[in-house]
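Student: quick one: sequence plus predicted model below, questions after.
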Amino acid sequence: MILWSKGLGKLVLRMSLAERTSTSARDGNLVLDGTMGPPTHWDYSVSMSEADVLDFVELLKQPAPARFVTEADAPGALVRTALVSGIVFAWNTVRCFLGLVPSGESDPSTAAKVRLVQEPVETANETPGKDRS
């Protein structure tokens, strides 16, 4: 990804979200942290609200992104990555809703995200604080 602004003059900043140092949920936002590549090597933090993520997904449903993917130099790789990513996203979402922590994930930031989904839910037939096992 290239970040450019009139305020930067001729300076072009390169960000590779694939090379981010962390992805976490903070203050109700999805936060990606990393360091930009040459010429600056500045640390960055991209913070996206739920609405931002939904807007991005909506963008991908438009004809221009679909055309970009199909007319790319390696359309097979883009389509394959999109399909695999969709399947992995669906799988991880189902596991989170079921309260299962993905195997091999001991990263505290991942555990925090899963804990947000695992808050106990009480129904009208249950007494708060009572053992449900």
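Tutor: In hand now; what should we look at?

Student: pLDDT of the top helix by length along the chain, averaged?
Tutor: Assignment by DSSP state H gives helix 75-97 as the longest helix of the chain. For helix 75-97, mean pLDDT rounds to 87.

Student: buried set for it?
Tutor: residue 96 (16 or more other Cβ atoms under 10 Å). Yep, even glycine has a C-beta here, placed from its N, CA and C like the rest.

Student: count the neighbours of residue 29 for me.
Tutor: Neighbour count for residue 29, taken as other Cβ atoms under 10 Å: 15.

Student: what does residue 34 give?
Tutor: 19.

Student: again with residue 36
Tutor: When neighbours are defined as other Cβ under 10 Å, residue 36 has 17 of them.

Student: what do you get for residue 19?
Tutor: 10.

Student: I figured it hits residue 34, correct?
Tutor: Yes: Residue 19 lies in contact with residue 34 (Cβ atoms under 8 Å); the separation is 6.1 Å.

Student: please, which helix or strand holds residue 32?
Tutor: strand 29-35 (DSSP states H and E).

Student: go through that strand and flag the buried ones.
Tutor: For strand 29-35, by 16+ other Cβ under 10 Å, it's 30, 31, 32, 34.

Student: quick one: contacts of that strand?
Tutor: 15-17, 19-25, 41-49, 52-53 (Cβ atoms under 8 Å, 6 or more residues apart in numbering).

Student: cool, stretch 51-59 as well?
Tutor: 30, 48, 65.

Student: just put those residues in CSV and tack on pLDDT and distance to residue 98.
Tutor: Formatted as CSV, the contacts of stretch 51-59 follow (pLDDT from 0 to 100; distance: Cβ to Cβ, whole Å):
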residue, pLDDT, distance to residue 98
30, 92, 21
48, 94, 25
65, 85, 31
